Structure formats: C-alpha cells, structure tokens
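Visitor: let me see the structure of the following:
(one chain, ligands or ions: 1)
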Amino acid sequence: MGTALAGPAVRPALRRGGGPLGSTASGAGASAPGISPSTASGASAVSAAPGAPGASAASGASLSGQPASDPKNSRPPLDDDLAVQQTAHPDDLDVPPGVDDAVRDYLYKMRRFDHRIPVLRAATDRLGRLERTVGHGFFYLLGFDEAVRVARNYPAVGTFSPQELALIDELFHADASAYGFMGMKPLNSLTATIPAREVHKVPGMGNYVYQGEPRATWETIRRLLGEEVVLTSGVRGIMKQFHLFLTKAAAYGGNLSLASRSLAPPGYSFHGIGDFDVGQRGYGARNFTSAFTATPVFRRLEELGYITLRYPQDNMLGVRFEPWHIKVATA
Ligand SMILES: [Zn+2]
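Guide: Have a look, this model is predicted:
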C-alpha cells in the first residue's frame, strides 16, 4: 500500500488556527489508492458504540423538529458508567442575556447539528462505504483529499455532496469548546496527510503506530506483557476520526456536545499524533469500558507506570475517563 499515501506531508504539529479549505477540489483525476484487504481489529468496537441503548430515542426527539429539548432530560445513557463522573458541559448552560442573536444562533448551531441531520447521516454513510471500499487498515491513514478523490472515483462510495463537504469543513474548523469539548487540538489542518514512512503496521493487529516513541512504547509494553495485550486502536487520521465522531453524533441526534463526551472531535484526537489504545486479548468491546480496569493487562500496565492518562478521572476537559488510552504524544 504505501504509494497511495504519497503527497505533501503535513506533519501534525501544534499549530493554531485552521487554514481555509482550499484543497477540496484538488487532485482531480489522480490515481485511486491501492485497495488493501480489510483488516478488522478491536477498534471496530468504537464504531459500534453509538448504537448504545437509548441513543435512538434521542435522535428520534431531534428529528421530530423539536430541537429545543433539554439535553439533561433527553440524555441517552453514556457509553461508560464512569463518564457520569465528569463535569457538566457548558451545553447545559444558558447563553447569558444580552448576547447578540447571531452569537446565540452560532452557539446553538455549534452544539447541535440536528438541523442538518440528513446531511450528517449522508456524510456518515458515505464514510462507512469509503471505509469498506479501501479497507479498515488503509482507512486509518486516509487523508481528506484522498478520501474525496476515492469517493469520486468509486461509484460504490459516491461523490461527497457540497453540503457534506461544507459540514465536514465547518465541523473541523469550529472551536469545539463552543459545544463543551475543552481538550487541545493537535491537528490543525483538515488536509494533513500521514506519510507511510512515519507509521508502522503492527503485525496481527490491523492497526498502525507512529514510528519513534509511540512504536517503542508499544513494543516495550508488548515485550513486558506478552500476548495478553492487544493494540485496540493506534494511528487515526482525520477521516477515521470523522467517521467515528459523525457516527456518534448521528446516533445522538446531531448533538455534538453529547458525542464529544465519549469521543474527541476530528482534529482533537491525540491518536492523530502518537497516542494509542490497548486492551486485554479476547475482551472485545469491554476494552473500551471501565471493566478494562479489572483486567490483568490494566493492572500490569499500572504497576509498570504506563498509565499516564491523557484524560484522567474527573478531568475538566469534557472527555470521559479512558483507562485504555496510552499517552505518548507530548503535545
Ligand atoms: Zn484512545
């Protein structure tokens, strides 16, 4: 596969202020990427998470044209029981009186995309078809420009509509604190690519880790813990994060605040620059729940000092406690 990843390397860095979406239409006629065989991995559990019981009730309410429902009353169960211990999002706060109508409207729209549910769903479905077409492994590394190109060239995926591209652009460049996600944004370019030489495909896992410290950290963990530990999610490029986040947002009826409580919005995930998730072999989706803390793998990692949490319990960043997430990136 590697050749498909050629292109200007925009190594993610701590740059602020996303650039314009100038390259949406670039690369017309370029060759399609190599299609790699599907490499399913434990990370698929993340995609499945939005189907949590209760999520459909929330979407139903939003789709009925009642966008003003109080999230505290219609709040679906969170993915993880520990998530309830985090602080309330600003989503729950009223906009102070005297705020300009345009600002109020902006804040509302940033919190909830339910007014654009059909577009959100269309983009989510298209990303799903894209993932199936290019294969799960390759999809982890897929950049925005290439995603647009492949979609256009493969009828099974279909061209992204201008509305879908506008939604993706707006979501990427929005300040996520407007809907309550207070974490840092390590990726500031929607069109950043992941050069193949900068990542390492982990044998048997269907996932990648960045070369350098992330790879060394994973290999040390693997050496110390052996076969019991698995890499459940490694490098996640922009489009992979978009697919995960939009899937969750769609399940929550377009409520970005709810979606961001259990998943970093696109651009805000440290999986884009070096962090990765680990799990207990054979533990499946439970590796992404608090139950993971009861596994031998977690206890061993804790003893060895590898649990330096990106998002500790009771963190103020609007992100749930994620004991399976290994912090490597120094951003
Ligand atoms: Zn993670």
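Visitor: what about whatever residue of the chain ends up closest to the ion, neighbour count?
Guide: Per C-beta to the ion, residue 325 is where the chain lies closest to the ion, at 3.6 Å. C-betas here are computed from N, CA, C, even on glycine. Other residues near residue 325 number 22, with proximity taken as other C-beta atoms under 10 Å.
Visitor: poorly predicted segments of the stretch 201-331 of the chain, please.
Guide: Within the stretch 201-331 of the chain, the segments meeting pLDDT under 70 span 308-321, 329-331.
Visitor: so the residue of the chain closest to the ion touches residue 274, yeah?
Guide: No: using C-beta atoms under 8 Å, residue 325 makes no contact with residue 274, being 11.6 Å away.
Visitor: for the residue of the chain closest to the ion, which residues make a bridge with it?
Guide: residue 277 (DSSP bridges).
Visitor: so it versus residue 226, what's the distance?
Guide: Relative to residue 226, residue 325 is positioned 21 Å away (C-beta to C-beta, to the nearest Å).
Visitor: now residue 123
Guide: 41 Å.
Visitor: ok, the two, which is more surrounded?
Guide: Neighbour tally, residue 123 and residue 226, criterion other C-beta under 10 Å: the higher count belongs to residue 123, 25 against 11.
Visitor: residues in contact with the more buried one?
Guide: For residue 123, the contacting residues are 160, 164, 167-168, 242, 246, by C-beta atoms under 8 Å, 6 or more residues apart in numbering.
Visitor: phi, psi of it?
Guide: Dihedral pair for residue 123: phi -70, psi -40, per degrees, to the nearest 10.
Visitor: per-residue pLDDT, it?
Guide: The model reports residue 123 with a pLDDT of 97.
Visitor: tell me which residues touch the residue lying closest to it once chain neighbours are set aside, please.
Guide: Ranked by C-beta to C-beta, 6 or more residues apart in numbering and with sequence neighbours excluded, the top spatial neighbour of residue 123 is residue 164, at 4.1 Å. Applying C-beta under 8 Å, 6+ apart to residue 164 gives the contacts 119, 122-123, 126.
Visitor: out of those, who has the most neighbours?
Guide: Going by other C-beta under 10 Å, residue 123 tops the contacts of residue 164 with 25 neighbours.
Visitor: for the chain, what lies in contact range of the ion?
Guide: 277, 325 (C-beta under 5 Å from the ion).
Visitor: for the chain, which segments count as strands?
Guide: 199-202, 207-210, 229-233, 276-280, 325-326 (DSSP state E).
Visitor: TSV for those, including distance to residue 103?
Guide: Compiled in TSV, the strands of the chain are given as follows (distance: least, C-beta to C-beta, whole Å):
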stretch	distance to residue 103
strand 199-202	41
strand 207-210	39
strand 229-233	37
strand 276-280	37
strand 325-326	34
